[in-house]
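Student: Sequence first, then the predicted structure, then my questions.
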Amino acid sequence: MAQDVKWIQRMRDYAVPVLILYVTAVIVALLLEKMWLIPIIGSVSILIVVMGYKEMRIMWRMTEHPKVQRILIFQYVFEWVDAVLLTTLMVTLLTAEDFGLKIGLFFGIWGVLSPFRQKWFTKQLKQIDPELPTYEEVIEGRVSHESSS
């Protein structure tokens, strides 16, 4: 688990350069060839899924409570939905604009509700296991993660 935490911390260190790289790639794609946006956004979706998996894996090891683990799986499914919606939105916006705008509306609503979903997940986890640290506490090192394997 310590390796997973270090990997996440390293990814956070590279967050700004990666963001600059993606923004530059999007600008270049918009200027040269819009269809390049599909693999760019696809790679962002893959990154969302990988980071969600790492979060689930880290938090999974912090508890043995089966209900908490079910909620973590449910939360990971929502990460997949985020990734699929993002890719679907980009593909449909570039290929079928009318349908893409409808998916964009759905994606916008889904994105606006994201903080509420996150609060709900956190509340559910705390109700089931009040001693469970938050993901941020584990990543920032405020909670010992070596002893909970």
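Tutor: Yep, that arrived.

Student: Quick check, central residue of the chain?
Tutor: The C-alpha lying nearest the average C-alpha coordinate of the chain belongs to Ile48 (C-alpha atoms, centre = their mean; 4.0 Å).

Student: Verify the contact between that one and Val84 for me.
Tutor: No - between Ile48 and Val84 there is no contact under C-beta atoms under 8 Å: 9.7 Å. C-beta: built from backbone N, CA, C; applies to glycine.

Student: ok, back up a step: distance check, the residue nearest to the centre of the chain against Val138.
Tutor: Relative to Val138, Ile48 is positioned 19 Å away (C-beta to C-beta, to the nearest Å).

Student: Okay, now the unreliable bits of this protein?
Tutor: 143-149 (pLDDT under 70).

Student: Would you mind listing the buried residues in the longest helix seen in the chain?
Tutor: Of all segments of type helix in the chain, defined using DSSP state H, the longest is helix 66-95. Going by neighbour count (16 or more other C-beta atoms under 10 Å), the buried part of helix 66-95 is 68, 71-72, 75-76, 79, 82-83, 85-93.
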